[in-house]
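Student: The following block contains a protein sequence and its predicted model.
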Amino acid sequence: MAGYILALDQGTTSSRAIIYDDRARPIQISQKPTVLSTPKAGYVEQDAMQIWHTQISCAHDAINQAGLLATDITSLAITNQRETIVVWDKRTGKPLAPAIIWQDRRSESWCENLRQHKVDGSEMSMQQHVQSITGLRIDPYFSASKIVWLLDNHPNLKDRAQRGEVAVGTIDSWLMFKLTGGEHVIDITNASRTLMYDINKLEWSEDLLAKFDICKKILPKVIASDGDFGKTKKGLFAKQIPIQAVLGDQQAALFGQGCVSTGMAKNTYGTGCFMLMNIGHEVQLSQHQLLTTIGWQRRQNSPQLLGGAAEHTSLSKLVKSGQRILTPSKREVTYALEGSVFMAGAIVQWLRDNMGLFNKSRDIESLAKEVESSEQVVLVPAFTGLGAPYWRSDITASISGMTRGSTKAHIARAALESIAFQTYDVLTAMQKDSPSPLTELRVDGGAANNDLLMQFQADMLGVPVLRPKDTEITAKGAALLAGITSGLYDEATIDDSWDLDKRFEPLMPEEEREEHLDKWHQAITKTLQ
C-alpha cells in the first residue's frame with residue numbers, strides 16, 4: 001500500500017514536520033525555530049500563534065520539498081512538548097495569554113501551599129492524594145498550576161471560563177483546534193500530564209478540579225492515542241487529512257524506540273532529559289520519587305470478522321469493505337514510569353549563549369575532549385531546580401571544584417557528565433520501583449549524537465547504551481502509530497524500522513566509576529543543604 005505519514009513535532013525550541021514513507025523511513029524534514037521569552041525570573045513563555053504558524057508552515061514546506069501533494073498523505077500524526085498550556089477564545093480561536101511553557105516556575109508558591117495541606121478528614125497529604133489519582137507530583141512542571149495562575153491573574157478570564165467562552169489545552173489541543181477548525185480534544189498521554197486526569201478511572205478527576213477550582217467545561221475531550229481526532233479543515237491542505245495518532249513527545253519516543261514490552265526503557269536527551277520504562281497495563285505508583293504516566297492507549301486486539309480479513313486491516317478499511325465486526329477492538333492502556341530531568345541539552349545552550357564557550361552546540365564534544373577528565377569540576381545544573389528524583393524547585397545551579405588550572409574544557413566536560421549523572425540518579429530510582437532489571441538503554445534526541453556523552457553514560461549505568469540511526473524518534477513514534485492506525489504499516493514495522501547506529505558498552509573500571517559517582521553525589525548533597 002503506497003502512502004505517506006505527515007508527522008508534526010512541536011517542541012520547546014522549534015516546530016518540525018517530517019514525512020515518512022510506507023516503510024516508516026523519513027524522507028523529508030522541515031524545521032523552524034520558535035522563540036522562548038523569559039519576562040521575569042522563573043517565567044518561561046511562548047507566543048501560541050507563533051507555535052501554530054511555524055508548525056503549519058513546516059507542514060506545507062515538507063510536503064512541497066518532498067515533491068508530494070497533500071493527496072499523497074495518508075494520515076497526520078502529532079507529537080508535542082507536554083505540560084505547556086495555551087488558553088484561547090473558543091469563538092475566535094485567538095490566544096488570550098502567552099503559552100506557559102513546561103519549564104515555567106511562576107506557580108511554585110501555589111504548589112507549595114497545596115503541599116502543606118492534608119486531605120479533608122484524613123491524615124493523607126495532598127501530595128499522596130494527588131499521586132494516587134494522577135501518578136504525578138505537585139509541581140509547577142505540570143499543567144494544573146499554570147491554569148490556576150492564568151485564571152487568577154488575567155482579568156475576566158475566570159468569569160469567561162464559567163460562561164464557556166474559554167478553551168484551555170496542551171499544545172496538541174491547541175494544534176488540533178487550529179488544524180480542524182474547532183475540535184477541542186486532547187490525547188490521553190497529554191491529559192495524563194496535567195495533574196487533573198485520573199489515570200485509574202481514565203477521566204478528568206472531579207475531585208481535583210474542585211480542589212483546584214478549575215471549571216471542567218474549559219477542558220478538552222480526552223481521546224485514545226490512536227483515536228479519531230478529526231480531519232484538517234477545508235482549505236488548509238488540498239484534501240482533508242485525518243489526524244490518526246497523537247502522543248506526548250516522551251511517550252512518542254518510547255513507542256518509536258520499540259519499547260512496547262514491559263521492562264524496556266529509553267532516554268531522550270533533548271532540552272531536558274526524560275527516561276521512560278514500559279511497566280505494562282497496570283498502574284504502579286512510584287515509591288522513589290518518579291512519576292507514573294500513561295504511555296499510550298491504543299487498539300490492541302484486531303477485530304474478529306466475518307469473511308476473515310487480514311490481521312492488520314485498519315478499522316477504516318473494514319467499514320468501507322462492509323464486513324461485519326463480531327468483536328470490537330479493545331483499546332488498552334500501557335503505563336510507564338518516568339524520571340524527568342529539567343536541564344540536559346539546555347545546559348549546552350547555556351554554555352553556548354550565556355557563557356560563550358563555543359559557537360555551535362556540537363562543538364562542546366571537541367572542547368570537552370581537550371582534557372582527559374573534568375578533574376574535580378562538577379556542574380550541578382539546577383537552573384530551574386532539580387527534577388527526579390530530588391524534586392527541589394528552590395535551589396539554583398552551581399559549579400564547584402575549580403582551581404587555577406581549570407579551563408573551559410573542564411567545564412564543558414563537567415556539563416556533559418552532569419547529564420549522564422542525572423540519568424544515573426533517575427535509573428537508580430527506577431530500578432528500585434521496577435521488578436525488571438534494565439539490560440540496555442535505548443537513546444535518542446540531539447545530545448544522543450554526542451559519542452563522548454554516550455560512552456560516559458554507558459560507563460555510569462553499567463549497561464549498554466543503544467543509539468539508533470534515526471535519533472529523531474519522537475516524530476517517528478507518532479508516525480508509526482498513525483501508520484498502524486491507517487493500515488499503512490503493520491505491527492512488525494515497529495521493530496523492522498529500528499536500525500542500530502552504535503552500541504556503547506561499559507568500559508570504565510568499577511573503582512573509577514565509583515569515584516565519579518561519589519564526586520557527583522557530594523556536590524548534590526552540598527546543593528541540597
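Tutor: Arrived safely, thanks for sending.

Student: And the strands in the stretch 351-500 of the chain, which stretches?
Tutor: 378-380, 398-400, 441-444, 465-468, 500-504 (DSSP state E, counting those that start in this stretch).

Student: Beta-bridge partners for the closest residue to Pro39 other than its chain neighbours, please?
Tutor: Sequence neighbours aside, Glu45 is the residue nearest to Pro39 in space, at 6.7 Å (criterion: CB to CB, 6 or more residues apart in numbering). The way it works is simple: take the backbone N, C-alpha and C, and place the C-beta from them, glycine included. Taking DSSP bridges as the rule, Glu45 bridges to Ser37, Ile100.

Student: Give the burial count for Glu45, as a bare number.
Tutor: Per other CB atoms under 10 Å, the neighbour tally for Glu45 reads 20.

Student: Check what pLDDT it gets.
Tutor: If you check Glu45, the pLDDT there is 95.

Student: Would you quantify the distance from the closest residue to Tyr424 other than its chain neighbours to Ile218?
Tutor: Setting aside the residues directly before and after it, Tyr424 is nearest to Met460 in space (CB to CB, 6+ apart), at 4.7 Å. Distance of Met460 to Ile218, given as CB to CB, to the nearest Å: 44 Å.

Student: repeat for Gln250
Tutor: 25 Å.

Student: From the neighbour counts alone, determine which of the two ranks first.
Tutor: Using other CB under 10 Å, the more surrounded residue of Gln250 and Ile218 is Gln250, with 28 against 23.

Student: hang on, the earlier thing: and the strands of the stretch 351-500 of the chain: which comes nearest Glu515?
Tutor: The closest of the strands of the stretch 351-500 of the chain to Glu515 is strand 378-380. By CB to CB, the value is 12.1 Å.

Student: Low-confidence regions, the protein specifically.
Tutor: 1, 301-330 (pLDDT under 70).

Student: on that earlier part again, now do the same contact list for the residue nearest to Pro39.
Tutor: 36-39, 98-101, 104 (CB atoms under 8 Å, 6 or more residues apart in numbering).

Student: how close does the residue nearest to Tyr424 sit to Glu512?
Tutor: Counting by CB to CB, the gap from Met460 to Glu512 is 11 Å.

Student: Please say which of those two ends up with more neighbours.
Tutor: Met460 (22 against 11).

Student: you'd agree that one is up against Leu517?
Tutor: Yes: shown here, Met460 and Leu517 form a contact pair, counting by CB atoms under 8 Å, at 6.9 Å.

Student: So Thr293, which state does it fall into?
Tutor: strand (DSSP: H, G, I helix; E, B strand; the rest coil).

Student: Mind naming the longest strand for the chain?
Tutor: strand 331-341 (DSSP state E).

Student: Given it, what are its sheet partners and their directions?
Tutor: Partners of strand 331-341, by DSSP bridges, with direction: strand 273-280 (antiparallel), strand 291-299 (antiparallel).

Student: Generate TSV for those, with distance to Thr54 as supplementary columns.
Tutor: Formatted as TSV, the strands paired with strand 331-341 follow (distance: least, CB to CB, whole Å):
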stretch	distance to Thr54
strand 273-280	23
strand 291-299	26
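
Student: Let me have those in JSON lines, adding distance to Ile243 and mean neighbour count as columns.
Tutor: Supplementary listing: the strands paired with strand 331-341 in JSON lines, determined by distance: least, CB to CB, whole Å; neighbours: other CB atoms under 10 Å:
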{"stretch": "strand 273-280", "distance to Ile243": "23", "mean neighbour count": "25"}
{"stretch": "strand 291-299", "distance to Ile243": "15", "mean neighbour count": "24"}
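
Student: Of all those, which one is nearest Leu481?
Tutor: strand 291-299 (6.7 Å).

Student: Quickly list what's touching both of Met460 and Leu517.
Tutor: 421, 424.

Student: The stretch 1-150 of the chain: helices as residue ranges?
Tutor: For the stretch 1-150 of the chain, the helices defined by DSSP state H, counting those that start in this stretch cover 48-65, 108-115, 126-134, 143-153.

Student: What's the first helix or strand after the last one?
Tutor: The one in question is helix 143-153. For helix 143-153, the following helix or strand on the C-terminal side (DSSP states H and E) is helix 157-162.

Student: now that next one, how far from the centre of its chain.
Tutor: Averaging C-alpha positions (CA atoms, centre = their mean, to the nearest Å) puts helix 157-162 29 Å from its chain's average.

Student: helices or strands up against the helix or strand following that helix?
Tutor: Downstream of helix 157-162, the next assigned helix or strand under DSSP H and E is strand 166-169. On a contact count with 3 or more CB pairs under 8 Å, 6 or more residues apart in numbering; DSSP states H and E, strand 166-169 meets strand 86-89, helix 157-162, helix 171-180.

Student: For the shortest one, report the contacting residues that lie outside it.
Tutor: Same thing as strand 86-89. By CB under 8 Å, 6+ apart, strand 86-89 touches 48, 51, 94-97, 99, 147, 150, 154, 157, 165-171, 173-174, 177, 218.

Student: what sits against Ile494?
Tutor: So Ile494 contacts 255, 258, 260, 480 (CB under 8 Å, 6+ apart).

Student: if I look at it, how far off is Arg16?
Tutor: 21 Å.

Student: before we move on, what about Thr527?
Tutor: Thr527 is 35 Å from Arg16, by CB to CB.

Student: Who has more neighbours out of the two?
Tutor: Between Thr527 and Arg16, Arg16 has the larger neighbour count (other CB under 10 Å), namely 22 against 18.
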